[in-house]
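# here's my sequence, what's the structure:
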Amino acid sequence: MTVPPLFNQIKNEFEDRFDSIKLSEASLKAYHDLCNLYKIESDDLIDHIQAELLKNSLADPNAESFISDVQTKMQKKASQQIQSKRQTQALNSSRVSKGGRKKGGKRQRGTTINSVKADAPPPHDDTFSSAVSQLEQSYAAYRDRKNRGTVDQSFGSFESQNTASKRGGMYGTALKLKVRNTTTGVGNSKTLYMYDNMNQKSDLLADRTLELGEALKVVIEKESSGKPDQQESSNVTTNPDEAQNADADNDRMEDVNDKPPEFLSPDQSIEYQNFGIVTGSEALYLGRVLCESITGLSKLNLNSVLLEGFIDDEHNKSMIYKLDLSDYAVRNAVSLFPGQVVVVQGLLSVRGVLKVSKMYTDVALRPKPIRFDSPLALESQAPTSSSSSTAKHHINMMIACGPFTPSTNISYEPFADLLQVVRRNEPDLLILLGPFVDSTQKLIGSPELDETYDNLFERTIVRPLQTTLPQNTKAILIPALHDAHHDFVYPQPAFDRRAYSISSSQVETFSNPSLFSVEEFGGLTVGASSHLVLSQLQRLQFSSQMPKDAYTQLASHLTQQHSFYPIMMNTNHVPLDYSHSRHCLDWNGETPHVLVVPHKEACARFLENGTLVVSPRALTKSETGGSYVELHISLKEDESELSETNISVRVLNI
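Next comes the predicted model:
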């Protein structure tokens, strides 16, 4: 007969007084975990808890009487159980077979090896001591960290001289957020993982390929116009021989430009060649990159790159070519991954091998300008300066990514510490990315856990967040695929507000991924996903040359393909729902100003198209603490884009 968890007993027996007593909730959680893990039945537990509660409780006159009442009632229960246990042990030890042991040391017939005398005391049980020791060690790894509150790294040159301007609450109320990628539809319709209609899936992939193909036509048309760059035309040669050679080269270029390329129609428009037709000359082929493997989704190399394209103009049948990158990859920097939509210029052989001479992959769009002349922006924030050209508009964000508790316990102390920082800094926007109830955490999957995953999420995340959140801070909860209490499908629906008693209007629940705009800050668009897509791209991609910045190269794939998940294929870890992919995963022309995607290493970079990519690291790292991100943006009235001069990103250790 085991003692029920201490936390539940205290709550049930002292329900009326529990909420009024200001005790250390962390210690209650610790012994709650202890009871679940080790099923402690010793009366030593009561003495130990009494000491810990007294030591950790705040200055409350009722605390001592409260502890005394707990000890009296629970000591009585514990002593009854211990007495019953000892009587059972004595009864079992008295059942000794006849005769016992001879002088020669041999065991007589019928005796047992583990027989003991009936009047002997029961052996000392070290279960409680070892359990407490292990639990204290698990908490000590986080509590004894040396780098708490330190800046791990920073990005951006803007630093406000006025520290008050970096505090939130400048809008006087919680922000109004507008969803841009219609993710709310996911929560209202059934997810279809493993039940996708094959024809619908094919049509969705075809539509996405054609849409990016139309955007790539603009890039090809600009390059095929034959207009030299201003920088190249301004280069002047001083050597007469070099100048004569340069003139000859220019004459040859003019002759080439006079002749339209083979892939241009008579009206100078770009046309893609259908697959399955050998033309005998170079042509443009639009398609999707695959890997020459069983699934088509493996790490690419120079000899395993395939291109899947359309056979006819109806785009309902496809064919696969093998790409020959042997010459092109030597001369150019190539970065490819499965699922990537590209346009290849090359010559097709009769063996179905496409000899690549050029490749087009970048169709990244710049974010829309930030405008502070909208009615909501003018109404919500008054500039800090009377001059319109020097007026400042500020917004402060805090971003954290799960897991929110160490791998050795479910105390959620790092999350509690994060809420204290939120209460102190009062950011305008708090973005929390899952997992909140991490399915890979060994205690979450333990059968000794005495509460449901839903109750654990509500008790450790929702309630503390709603009670601690500052008045002018808006919080966003975004699930993750490793959340044990949520749907294992991508894109994921938002958390059900009713199911988890989320009543505060300051707490928003968005789907994974989400694209939303902050209307008070000129329509600043933020994209956020909890999936580790950059790590997945890193495992799959092929790069012909070592990039100067591997992180920037990986993040650029998202903006170039206009998607949170440009791979667009199912894996064991990403159960893709194609029915929601077009309006949830793709950006549909809404390029974010700030893109939040977690990564194993915290980082922040500006991409060529002007998007700021911020990658938070997990709030906990194994047994100890991780980090979170602070983002501060300060724009003048006449500024409409983000740059390194008006943003500040800091990665801080929890």
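
# surely residue 580 is in contact with residue 491?
Yes - using Cβ atoms under 8 Å, residue 580 is in contact with residue 491, at 5.3 Å. (C-beta placed from N, C-alpha, C; glycine too.)

# the two - which one has more neighbours?
residue 491 (26 against 23; other Cβ atoms under 10 Å).

# that one against residue 584, yeah?
Yes - counting by Cβ under 8 Å, residue 584 is a contact partner of residue 491 at 4.1 Å.

# okay, and for the stretch 251-400 of the chain, where does confidence drop off?
Applying pLDDT under 70 to the stretch 251-400 of the chain picks out residues 251-268, 374-391.

# and what of the chain?
For the chain (pLDDT under 70), the answer is 1-136, 158-173, 182-195, 226-268, 374-391.

# which residues touch residue 420?
Residue 420 is in contact with residue 468, counting by Cβ atoms under 8 Å, 6 or more residues apart in numbering.

# which SS class is it?
helix (DSSP: H, G, I helix; E, B strand; the rest coil).

# how near is it to residue 556?
Distance from residue 420 to residue 556, counting by Cβ to Cβ, to the nearest Å: 37 Å.

# tell me, how many residues neighbour residue 451?
16.

# would you say it is within a helix?
No - Residue 451 is assigned coil when assessed by three-state DSSP, not a helix.

# what's the spacing between it and residue 653?
Distance, residue 451 to residue 653, by Cβ to Cβ: 30 Å.

# swap in residue 627?
Remark: distance between residue 627 and residue 653 (Cβ to Cβ) = 5 Å.

# higher neighbour count, the two?
Under the criterion of other Cβ under 10 Å, the comparison of residue 627 against residue 653 puts residue 627 first, with 23 against 19.

# my guess is residue 510 meets residue 474, correct?
No - counting by Cβ under 8 Å, residue 510 sits too far from residue 474 to count as a contact (11.3 Å).

# need the distance between the two termini of stretch 355-368.
38 Å (Cα to Cα, to the nearest Å).

# go through that stretch and flag the buried ones.
355-356, 359-365, 367-368 (16 or more other Cβ atoms under 10 Å).

# which of those residues sit farthest apart?
355 and 368 (39.9 Å; Cβ to Cβ).

# all helices for the stretch 301-450 of the chain, in order.
328-331, 375-380, 413-425 (DSSP state H, counting those that start in this stretch).

# please identify the deepest-packed of those.
Highest mean neighbour count among those (mean count of other Cβ atoms under 10 Å): helix 413-425, with a mean of 18.

# what sits in contact with each of residue 627 and residue 653?
residue 152.

# tally of neighbours for residue 301?
Neighbourhood size, residue 301 [other Cβ under 10 Å]: 11.

# skipping adjacent residues, who's closest to it in space?
Nearest residue to residue 301 in three dimensions, chain neighbours excluded: residue 542, at 5.7 Å (Cβ to Cβ, 6 or more residues apart in numbering).

# right, and the one you found touches residue 336 too?
Yes - in this structure, residue 542 is within contact of residue 336 by Cβ under 8 Å, at 5.2 Å.

# for those two, indicate the residue with more neighbours.
More neighbours surround residue 336 than the other of residue 542 and residue 336, with 24 against 20 (other Cβ under 10 Å).

# would you mind measuring from that one to residue 214?
21 Å.

# can you give me phi and psi for the closest residue to residue 350 other than its chain neighbours?
Distance criterion Cβ to Cβ, 6+ apart; nearest residue to residue 350, sequence neighbours excluded, is residue 278 at 5.9 Å. Main-chain torsions, residue 278, degrees, to the nearest 10: phi -90, psi 110.

# what residues are up against residue 278?
348-350 are the contacts of residue 278 under Cβ under 8 Å, 6+ apart.

# tell me the SS of residue 459?
Residue 459 - assigned by three-state DSSP - is helix.

# whoops, I mixed them up, residue 220
Following three-state DSSP, we place residue 220 in the helix state.

# and it, how far is that from residue 371?
In terms of Cβ to Cβ, residue 220 sits 32 Å off from residue 371.

# repeat that for residue 489.
36 Å.

# phi, psi for the closest residue to residue 601 other than its chain neighbours please.
What sits nearest to residue 601 in space, not counting adjacent residues and going by Cβ to Cβ, 6+ apart, is residue 617, at 6.5 Å. When quoted as degrees, to the nearest 10, the phi and psi of residue 617 stand at phi -100, psi 160.

# neighbours of residue 617, just the number please.
For residue 617, using other Cβ under 10 Å, the count is 21.

# let me see the ranges of the strands in the stretch 351-500 of the chain.
Using DSSP state E, counting those that start in this stretch, the strands assigned to the stretch 351-500 of the chain run over residues 353-360, 392-401, 429-433, 474-478.

# using CSV, please lay out the ones you listed together with distance to residue 529.
As requested, the strands of the stretch 351-500 of the chain are arranged in CSV below (distance: least, Cβ to Cβ, whole Å):
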stretch, distance to residue 529
strand 353-360, 26
strand 392-401, 10
strand 429-433, 8
strand 474-478, 8
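
# for those, which one sits closest to residue 181?
Per Cβ to Cβ, nearest to residue 181 of these: strand 474-478, 12.7 Å.

# tilt between the closest one and helix 413-425?
Inter-element angle recorded for strand 474-478 and helix 413-425: 150 degrees (by axes from the mean of the first three to the mean of the last three Cα atoms, to 10 degrees).

# what is strand 474-478 packed up against?
strand 429-433, strand 507-509 (3 or more Cβ pairs under 8 Å, 6 or more residues apart in numbering; DSSP states H and E).

# relative to residue 334, how far out is the residue nearest to residue 332 when sequence neighbours are not counted?
Residue nearest to residue 332 in three dimensions, not counting chain neighbours: residue 544, with 7.1 Å by Cβ to Cβ, 6+ apart. For residue 544, the distance to residue 334 equals 4 Å [Cβ to Cβ].

# pull up the overlap in contacts between those two.
By Cβ under 8 Å, 6+ apart, residue 544 and residue 334 have these common neighbours: residue 325.

# more crowded one of these two?
Using other Cβ under 10 Å, the more surrounded residue of residue 544 and residue 334 is residue 334, with 21 against 15.

# from what I can see the more buried one touches residue 542, true?
Yes - using Cβ under 8 Å, residue 334 is in contact with residue 542, at 7.3 Å.

# which other helices and strands contact the host helix or strand of residue 583?
Remark: residue 583 resides in helix 581-584, with elements defined by DSSP states H and E. If contacts are counted by 3+ Cβ pairs under 8 Å, 6+ apart, helix 581-584 sits against helix 184-188, helix 198-224.

# go with 7 Å
Applying 3 or more Cβ pairs under 7 Å, 6 or more residues apart in numbering; DSSP states H and E, we find helix 581-584 packed against helix 198-224.
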